[in-house]
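[1] Dropping the sequence and predicted coords here.
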Amino acid sequence: SHVTLWDNVTKMSPNTSRAHENYGQALSTAGSLTRDAAEAKKLYDMALREFQTVLSLRDDGSVPMRDLYREIGVVQFRLNLYDEAIATWETGLRHAPNDPSLLNNLSIALMQKGRFEEAASHAKTALSVDPYMPQALNTLGQAYMAKQDYEKAAEYFLKAIDREPDIPARYWNAAIALSQAKKYEPALQYANRYIAMEQDPTARQRASGLIEYLKQTKR
C-alpha cells in the first residue's frame with residue numbers, strides 16, 4: 001500500500017522532506033477512507049507527526065510550504081480542529097497569498113465557525129484567481145445558502161455543475177437552493193438528476209422525499 005511504501009522510504013531516507021510529506025499524505029488519505037473512527041484518528045495523528053517532521057528538517061526545496069500547510073490543514077479539518085485548520089491555512093497563504101486551493105479551504109473552515117462573510121470573501125478571492133474553479137464556485141454557493149440568499153446560491157451551484165458535472169452533491173445543493181428560492185420546476189429537475197447519480201441508499205431516500213415534496217408543491 002502507499003502507507004507501507006512511504007513508511008519504508010522514510011526509514012531508508014529519514015532526512016528527506018519529500019519522503020515524510022508523501023508518507024503523511026498517504027496516512028491522511030488512508031484515514032479518510034476508513035470507516036473506523038478510532039483508526040482514522042490514529043492515522044491522522046501519524047500524518048501530523050510526519051508533517052511536523054518535514055517542518056523540523058532542513059528545507060531542501062523539495063516540499064513547497066504552501067503544499068505542506070495545505071496538507072496539515074486538511075488533517076486538522078478532518079479531525080474537526082477548525083480553529084487550527086484556519087490558522088494553518090492562513091500560514092500557508094503567507095507563503096502563497098493567491099493560492100486558490102488554500103483560499104477555498106480557508107473559506108470552508110470559516111463556514112464551520114459561522115464566519116460566513118469572511119468565508120464568502122475568501123471564496124470570491126479564489127475565484128478572482130481562478131474564475132472557473134468548481135470547488136470555489138460550490139463553496140461560494142454554500143456561503144450564500146448560509147446567508148439565506150438562495151437565488152445567488154443556486155447561481156453558483158449551477159456554475160459549479162457546469163464546470164464539473166460528475167459530482168452528485170452539487171446537484172443536491174442546486175435542488176435545495178432552487179427549492180428555497182421557490183423555483184420548483186428546476187429544483188425537481190436537479191433533484192431527479194441527483195437521485196440518478198447518487199448510490200448511497202440513505203441519500204437516495206432523502207432525495208425521494210424532496211422529489212415528492214416538489215411534485216406536490218408544483219400542483
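    Nice, thanks for sending it over. Numbering: from 1, shown residues only.

[2] if we look at the longest helix anywhere in the chain, which residues are touching it?
    Longest helix of the chain, by residue count under DSSP state H: helix 37-56. Under the contact criterion C-beta atoms under 8 Å, 6 or more residues apart in numbering, helix 37-56 has outside partners 10, 17, 20-21, 23-25, 27-28, 30-32, 34, 63, 68, 71-72, 75-76, 78-79. C-beta here means a position set from N, CA and C on the backbone, and glycine is covered the same way.

[3] Identify the residues contacting the helix or strand hosting T4?
    Element membership for T4, per DSSP states H and E: helix 2-12. Residues outside helix 2-12 that contact it (C-beta under 8 Å, 6+ apart): T16, A19, H20, N22, Y23, A26, L27, T29, A30, E50.

[4] Quick one: name whatever helix or strand follows it.
    Counting by DSSP H and E, what follows helix 2-12 is helix 17-33.

[5] related to what we said a few turns ago, can you tell me which of the contacts of helix 37-56 are buried?
    Buried by 16 or more other C-beta atoms under 10 Å: 10, 17, 20-21, 23-25, 27-28, 30-31, 63, 68, 71-72, 75-76, 78-79, out of the contacts of helix 37-56.

[6] Helices along the protein, start to end?
    For the chain, applying DSSP H gives helices covering 2-12, 17-33, 37-56, 65-78, 82-95, 100-112, 116-129, 134-146, 150-163, 168-180, 184-197, 201-218.

[7] what angle sits between the longest one and helix 2-12?
    In this case it means helix 37-56. 30 degrees (axes from the mean of the first three to the mean of the last three C-alpha atoms, to 10 degrees).

[8] Can you pull out the low-pLDDT segments for this protein?
    219 (pLDDT under 70).
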